[in-house]
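>>> 3D, please:
(chains A, B, C and D)
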Protein chains: 2
Amino acid sequence: MRAKEQALNIHEVARRARVSTATVSRAINRVPTVNPKLSQRVWKVIKELGYYPNTQARALVSGRSRIFGLIVSELTNPFFPEIVQVFETIAVRHHYEILLTSTMNDPEQMESSVRRMIERQVEGVAVMTFGMEEALLEDLKLRQVPLVFVDVGPRRPRVSNLRIDYLAGIRQAVQHVAALRHEKIAFITGPHTLKSAMARKQAFLKAMHEIGREPDMNLIVEGNHTMEGGQIACGHLLALTKKPTAILCSNDMTAIGVMRKCYEDGISIPRDLSVVGFDDIRLAQFMLPPLTTVQMSQAELARLAFDALLAEVEREEPLPEGSEYVLKTALIERESTAICREGAVLKTNHPAPIRTVG
Amino acid sequence: MRAKEQALNIHEVARRARVSTATVSRAINRVPTVNPKLSQRVWKVIKELGYYPNTQARALVSGRSRIFGLIVSELTNPFFPEIVQVFETIAVRHHYEILLTSTMNDPEQMESSVRRMIERQVEGVAVMTFGMEEALLEDLKLRQVPLVFVDVGPRRPRVSNLRIDYLAGIRQAVQHVAALRHEKIAFITGPHTLKSAMARKQAFLKAMHEIGREPDMNLIVEGNHTMEGGQIACGHLLALTKKPTAILCSNDMTAIGVMRKCYEDGISIPRDLSVVGFDDIRLAQFMLPPLTTVQMSQAELARLAFDALLAEVEREEPLPEGSEYVLKTALIERESTAICREGAVLKTNHPAPIRTVG
DNA sequence: ATGAAAGCGCTAACAC
DNA sequence: GTGTTAGCGCTTTCAT
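Model prediction:
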């Protein structure tokens, strides 16, 4: 089917530069032993013709595709775009391409993702779906493809894990609202099936204990990491006779749901209620008021994931236990938290955030 | 370097199924003439071994990479994630992979993008950067790679254009606020260098004329499609003695800037001021109040772009003038617009949106 | 330092 | 209907 007119391949370049294809290949790959005169001649032709080597052919012969797979659950989840962006940027810098797939948490699509990755011979896969069927990764394991997981990965050779230090940031959040004299602090969890969500809840409990507060179990309600879940959970909380004055959320979308519920009910944030999110998605800073939240740096996450993959690709002998990396979290104080008014000594002005001491 | 243990390739499958590689290939590609008995035997081995064909090799011999390039300016711009998501979903359905690159509007990165696409032998490229250096596309033109642009493309063979019908949606927006009895209607433009931004401004002017309103040039100020730009532009508008009661924005981020400025200044939306955005990014519905905006369906845009590319790939003879597709826009009424209070007969309740008649 | 040639994994003639 | 074989475009021995 392909037009025969003039194939723009290494042979054509070789012919025009009056050298062998081997020399062209060497010139392109900057093999130092090649005669500068010839190399120049080759490059001149390359420029003239606008020739670019065919990656498929290179990959086929070298056995290296220079592709990393990146599996996310859905790109429209505001948590992911920055991860993808940063991952891609770093990949390009290392002459890698990324094969991005979103699974929508659908087992069928996950399987299709893995299959496509294997077919394209990826050299490594970063799994960002926060929970994935063990079985689906059999094929990847079998092929010794380096893998990196967030939170949920097994300890195995060629598998890296990014452990997230939830406690650090959540502790800061708890201490922050406590310092603002809030007594009734609520927590809206994520889905109980999600490991990372449960880890956040545990971190909250631990942080409360640390400052000698026994968390009120009525103030811990389940959400589902969506805005709607946050709205509903917030509704439950506000219906309590012992209403909370501060609500910490398992993720930012939940917090946004809380903010919406309050908006609808005419409750002013942060005057009447303080809200803290988790993740620090881009959206958080666009909210009104800007959302105080625990940051889990998406850029840092992407960077760690890429580095883990690259290290594994370049490692000759796999480590028997794989590798572990830790990602810190930290509170970002914006304007959705303020000093508690119930029995407060001083009153706060609406939009100005109160900063904790120390 | 590759371990020699046991190559998992077509030969291995052929050996185990006691057939030739040609038969394996035919079985995989479901060539109808192949003996069902043999085919079954082949598939059995394939399943047992967990074999997947090597795409690079297939691409090399068939001359078809089954990759489409997708160039965006930056993925963290909330306009893009849904486009990418939908584009990818459709691509997968057609057994294509996408090569995603973000250029950050940096000429160097654009060049790198194009080079990488050519190296990977993409069969088509969708350019979503809203403006791209002509020169950079020379190489793609040269290779006859089908291209699709949004708004800015040339009329050339193998080049498709998605023209956006800005007027339809903006006309609705103008009529909407006019029906809400707003007299002083402002417009915050995008950067003057951006074709699409200028088209939106022209559409606004036209829509105003259509209803017999001479737009007040003092109420047309320049923004830059960012939140900060919107804040500043809004500041200028509010400093006017003849303040507007409704502000239309060239995109949603600008509108979000307007909302923030109002939040800071204690101006209530929509009670004191109506705001309309453009694009309908996901964020728009999360704002408080949810933003009334002109929708340019990102899903539809992605679908049109993919279809255009696919049509071109499958077309034997290129059309001399390329193809054109039109994407409609339409107003989505949410809660950031309400009836004008200045001299209003009836007062509106805060969160409830007012719907226009007809 | 350079060229000839083998071969990466697959498909598509072409023969049988 | 199935097998044999010649490449696809490139890298990489192995001679020279």
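
>>> pLDDT score assigned to A:Val177?
A:Val177 carries a pLDDT score of 98 in this model.

>>> could you find the closest non-adjacent residue to it?
A:Ala246 (4.4 Å; CB to CB, 6 or more residues apart in numbering or on different chains). Just so you know, the C-beta spots here come from the backbone N, C-alpha and C atoms, and that holds for glycine as well.

>>> identify the bridge partners of that neighbour.
Note on A:Ala246: beta-bridge partners A:Ile185, A:Ser274, judged by DSSP bridges.

>>> correct me, but A:Ile332 touches A:Thr293?
Yes. Using CB atoms under 8 Å as the test, A:Ile332 is close enough to A:Thr293 to be in contact (5.6 Å).

>>> for the strand or helix carrying A:Glu264, what is the average pLDDT?
For A:Glu264, the enclosing helix or strand under DSSP states H and E is helix A:252-265. Computed over helix A:252-265, the mean pLDDT rounds to 97.

>>> which strands and helices sit next to that helix?
helix A:227-239, strand A:246-249, strand A:274-279, helix A:283-286 (3 or more CB pairs under 8 Å, 6 or more residues apart in numbering or on different chains; DSSP states H and E).

>>> list the buried residues for that helix?
A:Asp252, A:Met253, A:Thr254, A:Ala255, A:Ile256, A:Gly257, A:Val258, A:Met259, A:Arg260, A:Lys261, A:Cys262, A:Tyr263 (16 or more other CB atoms under 10 Å in any protein chain shown).

>>> please name the nearest non-neighbouring residue to the first one.
Translated: A:Asp252. Spatial nearest neighbour of A:Asp252, chain neighbours left out: A:Gly277 (3.9 Å); criterion: CB to CB, 6+ apart.

>>> equivalent analysis for the fourth one, please.
In space, A:Ala255 comes closest to A:Gly277 once its chain neighbours are excluded; the distance is 3.4 Å by CB to CB, 6+ apart.

>>> show the contacting residues for the one you found.
A:Gly277 sits next to A:Cys249, A:Asn251, A:Asp252, A:Thr254, A:Ala255, A:Ile256, A:Ala284, A:Leu291, A:Thr292, A:Thr293, A:Val294, A:Ser336 when contact means CB atoms under 8 Å, 6 or more residues apart in numbering or on different chains.

>>> A:Val326 belongs to a helix?
No. Under DSSP: H, G, I helix; E, B strand; the rest coil, A:Val326 falls outside any helix and is assigned strand.

>>> is the lowest-mean-pLDDT helix or strand in chain A in proximity to DNA strand C?
Lowest on mean pLDDT, DSSP states H and E among the helices and strands of chain A sits helix A:138-142, with a mean of 81. No. Using CB under 7 Å from any atom of the strand, helix A:138-142 stays clear of DNA strand C, with a minimum separation of 14.0 Å.

>>> and that helix, how far out from the chain's middle?
Remark: helix A:138-142 is offset 23 Å from the chain centroid, using CA atoms, centre = their mean, to the nearest Å.

>>> now do stretch A:23-34
On CA atoms, centre = their mean, the centre of stretch A:23-34 falls 39 Å from that of its chain.

>>> who touches it?
A:Ile10, A:Val13, A:Ala14, A:Ala17, A:Leu38, A:Ser39, A:Val42, A:Trp43, A:Ile46, A:Pro53.

>>> so what's the closest residue in space to A:Leu147 that isn't next to it in sequence up against?
Closest residue in space to A:Leu147, ignoring its immediate chain neighbours: A:Val159 at 4.8 Å, by CB to CB, 6+ apart. For A:Val159, the contacting residues are A:Pro146, A:Leu147, A:Val148, A:Phe149, A:Gly153, A:Gly322, by CB under 8 Å, 6+ apart.

>>> sort those by pLDDT and name the bottom one.
For these, the pLDDT minimum is A:Gly153, 82.

>>> in three-state terms, label that one for me.
coil.

>>> which residues touch it?
By CB under 8 Å, 6+ apart, A:Gly153 lies in contact with A:Val127, A:Leu147, A:Val159, A:Ser160, A:Asn161, A:Gly322.

>>> I'd say A:Val42 and A:Val13 touch.
Yes. The pair A:Val42 and A:Val13 passes the contact test of CB under 8 Å, sitting 6.7 Å apart.

>>> how near is A:Gln295 to A:Gln40?
For A:Gln295, the distance to A:Gln40 (CB to CB, to the nearest Å) stands at 51 Å.

>>> same question for A:Pro78.
Noted for A:Pro78: a distance of 50 Å to A:Gln40, by CB to CB.

>>> which element is A:Pro81 on?
Using DSSP H and E, A:Pro81 sits in helix A:80-93.

>>> restrict that helix to CA atoms and write it as PDB.
C-alpha atoms of helix A:80-93 as PDB (Å, rounded to 0.1, in the frame of the first residue of the first chain):
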ATOM      1  CA  PHE A  80      -4.100  12.900  38.100                       C
ATOM      2  CA  PRO A  81      -3.500  15.500  35.500                       C
ATOM      3  CA  GLU A  82      -0.500  17.000  37.300                       C
ATOM      4  CA  ILE A  83       0.900  13.500  37.900                       C
ATOM      5  CA  VAL A  84       0.700  12.600  34.200                       C
ATOM      6  CA  GLN A  85       2.100  16.000  33.200                       C
ATOM      7  CA  VAL A  86       5.200  15.700  35.400                       C
ATOM      8  CA  PHE A  87       5.700  12.000  34.700                       C
ATOM      9  CA  GLU A  88       5.600  12.800  31.000                       C
ATOM     10  CA  THR A  89       8.000  15.700  31.300                       C
ATOM     11  CA  ILE A  90      10.600  13.600  33.100                       C
ATOM     12  CA  ALA A  91      10.100  10.700  30.800                       C
ATOM     13  CA  VAL A  92      10.800  12.800  27.800                       C
ATOM     14  CA  ARG A  93      14.000  14.100  29.400                       C
END
